[in-house]
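Visitor: would you be able to build a 3D model of this:
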Amino acid sequence: MKSMLIIARRELIARYAVFAAALVIGISSLLSPHYPGLDRFDAGEAIASSALVLAFVFASLFSLLLGASIIGRELEEERLGFYFARPISALAIWGGKMLAAFVLVLGSQALVLLPALLAVGPDLLNTQFLVFSEFYTSIAEWLPVSPFVLFPLFLLVFAHAVGIMWRARSLWLVLDIIAPVLLVMAGTRSAQRLVLVFAQSDMWLGLAWLFMALPVVLLAAGAAQVVRGRTNARRGHATISLTLWPLAALCVLGFEIYSHWVVSAGPDDLVTVYGDVRAAPQGSWIAFGGKARGRVDYHPTFLLDTESGRYIRMGSVPMRSLPLVSFSDDGTRATWMAPTGPHPSDEARFMTMNLDAPKLNPQAMPLTFPHAWYPCKTMSPDGELVAELDFNGVLQVHSLKDARLLASARLGKGSPSAPIRFVTRDKLRIWRFEPSSVNDLADQGSRDPRPGSLRISELDF
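Guide: As a prediction, this is how the structure comes out:
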């Protein structure tokens, strides 16, 4: 421990000028209310926002430079042997340099914020940090440590690993190029599995823990490089590659297992069941959905045979309700709508399944709709017809078996105020709200629109 602290002190003394540079940059944030474009904001908000941006950018850039040089440069210039020539363990060398690097990064970040903290006060800590993309704000919700602090430290250990790889220039560089590409592809596939079932919060939670694990993996790989590689750059490169990528693969595998666990919820895993439970006219099949145990926002829906316990997962919906589902009159067939993606603009496909078959095997039907979650869709009681009222007020009735258009009508102005319904297999009932086109003066002198009228019409086809 004493050797590690001595090495850390030596590194801090050699790089103390960075603290002065950070303080100067922090003082410059006090001038931000006079910058073009920021003079129209409140002075306190301008100072706080600019200080946060400067602190984050300064710490990130400094982390990249420091991580790439704190061991890599001494290794390249063959000066690392100075430490190994003394009775100091390899872990003490690594620990002392990393301890100094962490203090330099976090200390400089704090010094950039210090002038703004003295000028603005505690409100600086409550300032919304919205500089970067949705990724930052989404993942920050699930991290125990703020990305504002964690990201520069991640860049520090990442830059160290990349610096060792680049300086060694051995054949292990091929592995260093291929491995991250494969891991990113695998992680993307796991994330997409959750996005497609509307489990975005579960995805961000998994990514947050993956992001927390990567700095630990990089630290372990860096320590192994110093312990095993010592002053040999090529041996150090082999050690860091053979440590880093297997551990990173284990982290990505954990994310893959987690994503499978999220979407594997069955009926017994539901802790809340939606009120909208639909039963087949005959038989023992029901359609229902709810919130799954241990998941954040995964809400699966099921077709369940209450007698045998057989079930099939229909999917997940974003509105905490059942998808469009219909049973045949004799209760032997179910038809439901399944979205192909998480966005309202994604297509919707229809699935059908024979409930009496020994093996439950949903079949995709040929008909698709361009808007999966536009609410004005309904199916006939036998599950063979579907009607949709689109954004332009055009009503269409299709056959699900062969995707034929059976009927079409333009309803004109107005919008549906209640779902369209099949009265019989050959008749539709449509509710449309037609707003008033003339405004009357209210008693108080304000101009409020009249409520309008509700028109109910029927379509035979």
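
Visitor: can I assume Val227 sits in a helix?
Guide: Yes - per DSSP: H, G, I helix; E, B strand; the rest coil, Val227 lies within a helix segment.

Visitor: what segments of the stretch 201-350 of the chain are helices?
Guide: Counting by DSSP state H, counting those that start in this stretch, the stretch 201-350 of the chain has helices at residues 233-263.

Visitor: strands of that one, start to end?
Guide: Assigned by DSSP state E, counting those that start in this stretch, the strands in the stretch 201-350 of the chain fall at 270-273, 278-279, 285-292, 300-305, 311-316, 325-327, 333-339, 348-354.

Visitor: output the last one as PDB, restricted to C-alpha atoms.
Guide: This means strand 348-354. Provided in PDB are the C-alpha atoms of strand 348-354 (Å, rounded to 0.1, in the frame of the first residue of the first chain):
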ATOM      1  CA  ALA A 348     -49.200  -4.800 -38.100                       C
ATOM      2  CA  ARG A 349     -49.600  -8.400 -39.100                       C
ATOM      3  CA  PHE A 350     -52.400 -10.800 -38.200                       C
ATOM      4  CA  MET A 351     -51.800 -14.200 -36.600                       C
ATOM      5  CA  THR A 352     -54.300 -17.100 -36.500                       C
ATOM      6  CA  MET A 353     -54.100 -20.400 -34.500                       C
ATOM      7  CA  ASN A 354     -56.100 -23.600 -34.300                       C
END
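
Visitor: for Met353, give me its contacts.
Guide: Applying C-beta atoms under 8 Å, 6 or more residues apart in numbering to Met353 gives the contacts Leu303, Ile312, Arg333, Ala334, Thr335, Leu360, Asn361, Pro362, Gln363. For every residue, glycine as well, the C-beta is placed using N, CA and C.

Visitor: I'd guess Val386 is in a strand, am I close?
Guide: Yes - with three-state DSSP as the criterion, Val386 is part of a strand.

Visitor: what number of residues lie near it?
Guide: 26 (other C-beta atoms under 10 Å).

Visitor: wouldn't Pro152 be in contact with Val105 here?
Guide: Yes - if you go by C-beta atoms under 8 Å, Pro152 and Val105 touch, sitting 5.3 Å apart.

Visitor: who touches both of the two?
Guide: Common neighbours of Pro152 and Val105 (C-beta under 8 Å, 6+ apart) are Ala59, Phe62, Ser63.

Visitor: what about the residues you listed, which are in helices?
Guide: Judged by DSSP state H, helices contain the following of those: Ala59, Phe62, Ser63.

Visitor: the last one: what's it in contact with?
Guide: The neighbours of Ser63, taking C-beta under 8 Å, 6+ apart as the test, are Val105, Pro152, Leu153, Leu155, Leu156, Ala159.

Visitor: and which of those is nearest to Asp42?
Guide: Nearest to Asp42 among the contacts of Ser63, counting by C-beta to C-beta, is Pro152 at 27.8 Å.

Visitor: packing partners for whichever strand or helix holds Ala407?
Guide: Per DSSP states H and E, Ala407 falls inside strand 405-410. Here strand 405-410 touches strand 394-399, going by 3 or more C-beta pairs under 8 Å, 6 or more residues apart in numbering; DSSP states H and E.

Visitor: got the angle between the strand it packs on and strand 348-354?
Guide: For strand 394-399 against strand 348-354, the angle between stretch directions is 30 degrees (axes from the mean of the first three to the mean of the last three C-alpha atoms, to 10 degrees).

Visitor: what angle sits between strand 394-399 and strand 405-410?
Guide: Orientation of strand 394-399 against strand 405-410 (the same axes, to 10 degrees) gives an angle of 170 degrees.
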